[in-house]
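1. here is my input, please return the structure:
(one chain, ligands or ions: 1)
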Amino acid sequence: MNRLPAVLLPLLCTAGLAAQTPVTPPANKYPPAQDVRLGLEAAAQVRRQLPILQDDLVTSYVAEVGRRLVQAIPASLRHPQFAYTFQVVNVSDINAFALPGGPMFVNRGMLAAASDEGEVAGVMAHEISHVVLRHGTAQASKATPYELGELAGAVVGSIVGGRVGSLITQGTQFGLGTAFLRFSREYEKQADIEGAHLMARAGYDPRDMANMFRTIERQSGPGGPEWLSDHPNPGNRFDYISEEARTLDVGQPVRDARAFDRVRAHLRTLPPAPTTAEATKRGGG
Ligand SMILES: [Zn+2]
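-> As a prediction, this is how the structure comes out:
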């Protein structure tokens, strides 16, 4: 296969465009293997507590969007130990989260809320960026007096959020509020910017990520959106994502409307999903 030398690609891709915002992973005193261990433990708990949708059409669609984004991760941010996996949680709330090392969960409610595939990809690109930049263990690195196992349980609990997150955090928290452990605004902005880069490299329009955040705000029910409470707006989110998009060469954006429509039509034929609150009550967790 004829391929351009890698050194030439950045020159070609950025010709005529303003400079992209560089993204540097925050300081982290833990090895990537720690992210993997934490993420796998938490993912096992998530699967015990939340109903995972067992539907190949829907799951393979989400995994395909995820795979496209993962392939776009730049070499400098790749961790060979990480394994990106994608599952759909059969609940109606608008939420999604990715655990350290790569396990990702997208709520069925998120798929229902999105206007197109680009919006689904937008949330996933943001989540994958938190994983790639190792924000979970970086956050744990900031608080030295606590044992990693205890602190990390709380960090991961706050990533999962809500009742299931509290269960993961339980007994590990040492009086720390989970608000303290939420990603900082600085990490949120990093995930937005890196997410925009991933989207463009994967052939998506980064502006769809900004659009999705507006969609989430608009469609979330009473009590506010879980996703936005776990990923607070660092301020001017819509504007700086749109600004970053102008520095990126999207070329021909992927707009596979047929696959997205097929999945949505299929979801409507399934029994309605419960809310997370209903699902976790029923599960007796
Ligand atoms: Zn976030």
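2. low-confidence ranges, the stretch 101-250 of the chain, go.
-> Applying pLDDT under 70 to the stretch 101-250 of the chain flags the ranges 143-152, 167-181, 221-224.
3. what residue in this structure comes nearest to the ion?
-> Relative to the ion, the nearest point of the chain is His231 (3.3 Å; C-beta to the ion). Glycine gets a C-beta too; all of them are placed from N, C-alpha and C.
4. show me what from the stretch 101-250 of the chain comes close to the ion.
-> Contact residues, the stretch 101-250 of the chain versus the ion (C-beta under 5 Å from the ion): Glu188, Ala191, His231.
5. from the residues you listed, which is closest to Lys29?
-> Relative to Lys29, the closest of those is Ala191; by C-beta to C-beta it sits at 20.4 Å.
6. what about the closest one, how many neighbours?
-> Close neighbours of Ala191, defined as other C-beta atoms under 10 Å, add up to 27.
7. pretty sure it is in a strand, no?
-> No. The secondary structure assignment for Ala191 gives helix rather than a strand, going by DSSP: H, G, I helix; E, B strand; the rest coil.
8. hang on, Met212 packs against Glu119?
-> Yes. With contacts defined as C-beta atoms under 8 Å, Met212 counts as touching Glu119 at a distance of 3.8 Å.
9. just the helices in the stretch 1-150 of the chain please.
-> Counting by DSSP state H, counting those that start in this stretch, the stretch 1-150 of the chain has helices at residues 8-14, 32-49, 56-71, 108-113, 117-132, 135-141, 148-160.
10. return the most buried member of these.
-> helix 117-132 (a mean of 27; mean count of other C-beta atoms under 10 Å).
11. what are the buried residues along stretch 91-105?
-> Residues of stretch 91-105 classed as buried under the neighbour-count rule (16 or more other C-beta atoms under 10 Å) are 91-105.
12. any idea how far that stretch is from the chain center?
-> On the basis of C-alpha atoms, centre = their mean, to the nearest Å, the separation between the geometric centre of stretch 91-105 and that of its chain is 6 Å.
13. now stretch 227-240
-> Relative to the centre of its chain, stretch 227-240 is centred 13 Å away, using C-alpha atoms, centre = their mean.
14. returning to that earlier point: farthest pair within the buried residues of stretch 91-105?
-> Greatest spatial distance among the buried residues of stretch 91-105 (C-beta to C-beta): Ser92 and Gly101, at 27.6 Å.
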